[in-house]
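Undergrad: next one to model:
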Amino acid sequence: QAFAILLCLIDLCINVSFERGGKYKVVVEDTCNHGGLEYAYRLSVQPLKPDFSLLASPSVLNFKQNGNESLFVQALREDGFNGEILLSIADPANDFELTGGRIPPGQDACWVTINAPKKQ
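TA: Numbers count the residues shown, from 1 in each chain. Predicted structure coming up:
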């Protein structure tokens, strides 16, 4: 019973490719056996937009002079994106350096090291 309730709360996404053009029939049914005129269902049909977003942990880094910090970066791949992800520092003029910033195809995470600028 608890599992069925959980399924009712999930927004489902199905990716389908059709080999030929033509008319297709889509049937939307409620897995919890609810339904009727008092319920609203939304169906979105659109081309896939392969993309990704990133999560980093920790979210704040504190550097000691001439120090470095490690960061775990996780990729949330969307709509079938499976390409390589290369990470870099947005403003390299500040002299921070990033090493290990590559998430290979088919993988979802990597560790990176950020080196603070060298102080004289």
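Undergrad: just give me how far the strand ranked longest in the chain sits from the chain centre.
TA: Identified as the longest strand of the chain according to DSSP state E is strand 68-78. Centroid separation between strand 68-78 and its chain, computed with CA atoms, centre = their mean, to the nearest Å, is 11 Å.
Undergrad: what is the subsequent helix or strand relative to that strand?
TA: Once strand 68-78 ends, the next helix or strand along the chain (criterion: DSSP states H and E) is strand 85-86.
Undergrad: neighbouring strands of the very next helix or strand once past that following strand in the sheet, and parallel or not?
TA: Per DSSP H and E, the first helix or strand lying C-terminal to strand 85-86 is strand 97-99. Strand pairing for strand 97-99, using DSSP bridges, gives strand 109-115 (antiparallel).
Undergrad: about what we covered before: alpha carbons of the longest strand of the chain, as PDB, please.
TA: Extracted in PDB, the C-alpha atoms of strand 68-78 (Å, rounded to 0.1, in the frame of the first residue of the first chain):
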ATOM      1  CA  ASN A  68      44.100  23.800  -1.700                       C
ATOM      2  CA  GLU A  69      40.700  22.300  -1.200                       C
ATOM      3  CA  SER A  70      38.900  19.200  -2.700                       C
ATOM      4  CA  LEU A  71      35.500  19.300  -4.000                       C
ATOM      5  CA  PHE A  72      33.100  16.500  -5.100                       C
ATOM      6  CA  VAL A  73      31.100  17.400  -8.200                       C
ATOM      7  CA  GLN A  74      28.100  15.400  -9.300                       C
ATOM      8  CA  ALA A  75      26.400  15.700 -12.700                       C
ATOM      9  CA  LEU A  76      22.700  15.400 -13.100                       C
ATOM     10  CA  ARG A  77      22.300  14.300 -16.700                       C
ATOM     11  CA  GLU A  78      19.000  15.100 -18.400                       C
END
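Undergrad: report the central residue of the protein.
TA: Most central in the chain under CA atoms, centre = their mean is Leu76, positioned 1.9 Å from the mean C-alpha point.
Undergrad: what helices or strands is the longest strand of the chain leaning on?
TA: Packing contacts for strand 68-78, counted by 3 or more CB pairs under 8 Å, 6 or more residues apart in numbering; DSSP states H and E, involve strand 51-57, strand 109-115. Every residue, glycine included, has its C-beta placed from N, CA and C.
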